[in-house]
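**Q** from the sequence below, what's the structure:
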Amino acid sequence: MITKARRMRELLAEGIVVSPGIFDGYSSRLVEKMGYQAASVTGAGLSNSRLSQPDIGIMSLMENVEGCRHLVANINIPVMADADTGYGNAVTVYHTVQHFESIGVVGINIEDQVSPKRCGHMRGKEIISAREMAKKIEAAVHAKKDPDFIINARTDAIAIEGIEGAIERAKLYIAAGADMVYPDAIDSEDQIRRFCDAVQAPVSINMGFGIRSRPTTPLMSVKRLAELGVKRASFARMLPAAAIMAMRQALEVLLDSVRTGTIHDRPDLLASIEDITDLMGYDHINALEAKFGLPEDILARYKSDKPDYVKRDGHANK
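**A** Next up is the predicted model:
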């Protein structure tokens, strides 16, 4: 049986891996249902949605692990996670790797920022020494049990030490055992090309989606990123941003309805209850109940010999 971590390695060997950022049960299941072959838990999205806090190191290791646990368990595609700075020194990184590996993620990002960290596109970032980060990478490699588990070394050095400094750090991190390197907030196509050519290792690039999502790294197609040598393109902010926009639009329609008394039927804004129950696996629950439930209990509950968690009029049974 091929593990998820082995599958991720195979995908990286085949070509560029497109990895949308997931942050809740809806987004994780939807990414898989839409046919994407991999995903990544967005640390910022998880901190924002789970804690209602900015991505400035407030979310703890165990809050992150627990937030990822259910996202990973309920889909079959490989998922990488964001482990921030590793939550401390090299010894803490050792335990961080083991916690994340135990819940089934296939790899983690570890960044060289000073703790508490800042979201990669924020100003005022600080970084630790390259030697200290290399030791963190060594500890991470030593901690993993599955050799296919991916250590993705992220460097935030570009804004502080320039592209050459980031390249030198990436080379050091690879020498320490990193499987992949991730230059965050890289700010041009030329820099991406130079970085990929110089490090000669799998490179991950975080890509925005839409003009509002482009504070630093320019928008490029996945095809172009692949031509430059990138092996993984993550879209960390795409789904959280899309969800916020959709919720805002729906709430604006509701406000208009409250103000004017108008009834709005807007199927273009809202997924149907059938869409939601299909996405969340209600059919599987129906099948389990049909197989293991007492026939007389099913008949009494549903007035039918078949379980059905969704009524024909579109309302969920309680």
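**Q** which residue packs closest to Ala134, ignoring adjacent ones?
**A** Take Ala134 and drop its neighbours on the chain: the residue closest to it by Cβ to Cβ, 6 or more residues apart in numbering is Ala176, 4.1 Å away. (Each C-beta comes from the backbone N, C-alpha and C, glycine too.)
**Q** who touches the one you found in this structure?
**A** Each residue near Ala176 by Cβ atoms under 8 Å, 6 or more residues apart in numbering is listed here: Ala134, Lys135, Ile137, Glu138, Val141, Ala153.
**Q** tally of neighbours for Val230?
**A** 22 (other Cβ atoms under 10 Å).
**Q** which regions of the stretch 201-318 of the chain sit below the pLDDT cut-off?
**A** Counting by pLDDT under 70, the ranges of the stretch 201-318 of the chain that qualify are 209-215, 311-318.
**Q** again, only using 80
**A** Scanning the stretch 201-318 of the chain with the threshold set as pLDDT under 80 gives 208-216, 309-318.
**Q** all helices of it, in order?
**A** Using DSSP state H, counting those that start in this stretch, the helices assigned to the stretch 201-318 of the chain run over residues 222-228, 238-260, 273-279, 282-292, 295-302.
**Q** what would those helices look like in CSV with distance to Arg194?
**A** Formatted as CSV, those follow (distance: least, Cβ to Cβ, whole Å):
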stretch, distance to Arg194
helix 222-228, 10
helix 238-260, 26
helix 273-279, 42
helix 282-292, 49
helix 295-302, 63
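**Q** of all those, which one is nearest Asp187?
**A** helix 222-228 (14.0 Å; Cβ to Cβ).
**Q** starting at the chain centroid, how far to that closest one?
**A** 21 Å (Cα atoms, centre = their mean, to the nearest Å).
**Q** in that helix, what's buried?
**A** Residues Val222, Leu225, Ala226, Leu228 are the ones in helix 222-228 that count as buried (16 or more other Cβ atoms under 10 Å).
**Q** now for these, which pair is the farthest apart?
**A** Between any two of the buried residues of helix 222-228 (Cβ to Cβ), the greatest distance is 10.8 Å, for Val222 and Leu228.
**Q** and the closest residue in space to Glu32 that isn't next to it in sequence, which of the three is it?
**A** For Glu32, ignoring the flanking residues on the chain, the nearest one in space by Cβ to Cβ, 6+ apart is Ile75 at 4.5 Å. At Ile75 the chain is in coil, as set by DSSP: H, G, I helix; E, B strand; the rest coil.
**Q** verify the contact between Ile75 and Ser28 for me.
**A** Yes: Ile75 lies in contact with Ser28 (Cβ atoms under 8 Å); the separation is 5.3 Å.
**Q** these two - which one has more neighbours?
**A** A side-by-side neighbour count of Ile75 and Ser28, using other Cβ under 10 Å, places Ser28 first with 24 against 21.
**Q** which residues touch that one?
**A** Contacts of Ser28 by Cβ under 8 Å, 6+ apart are Ile22, Ala39, Leu71, Asn74, Ile75, Val79.
**Q** now, of these, which are buried?
**A** Buried by 16+ other Cβ under 10 Å: Ile22, Ala39, Leu71, Ile75, Val79, out of the contacts of Ser28.
**Q** return the subset of the residues you listed lying in strands.
**A** Ile22, Ala39, Val79 (DSSP state E).
**Q** ok, these vs Glu189, which is closest?
**A** Ala39 (25.4 Å).
**Q** contacts only, for that closest one.
**A** Ser19, Pro20, Gly21, Ile22, Ser28, Val31, Glu32, Ile75, Ile77, Pro78, Val79, Met80.
**Q** so the third one bridges to which residues?
**A** Same thing as Gly21. Note on Gly21: beta-bridge partners Ser40, judged by DSSP bridges.
**Q** residues near it, how many?
**A** Should you count by other Cβ under 10 Å, Gly21 turns out to have 25 residues around it.
**Q** hang on, it packs against Ala242?
**A** No: Gly21 is not in contact with Ala242 according to Cβ under 8 Å; the separation is 10.6 Å.
**Q** send me stretch 253-262 as PDB with only the CA atoms.
**A** The C-alpha trace of stretch 253-262 is given here as PDB (Å, rounded to 0.1, in the frame of the first residue of the first chain):
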ATOM      1  CA  VAL A 253     -28.300  40.200   0.300                       C
ATOM      2  CA  LEU A 254     -29.700  39.300   3.700                       C
ATOM      3  CA  LEU A 255     -29.400  42.900   4.900                       C
ATOM      4  CA  ASP A 256     -31.200  44.100   1.800                       C
ATOM      5  CA  SER A 257     -34.000  41.600   2.500                       C
ATOM      6  CA  VAL A 258     -34.200  42.900   6.100                       C
ATOM      7  CA  ARG A 259     -34.400  46.500   5.000                       C
ATOM      8  CA  THR A 260     -36.800  46.200   2.200                       C
ATOM      9  CA  GLY A 261     -38.900  43.100   3.000                       C
ATOM     10  CA  THR A 262     -37.900  41.600  -0.400                       C
END
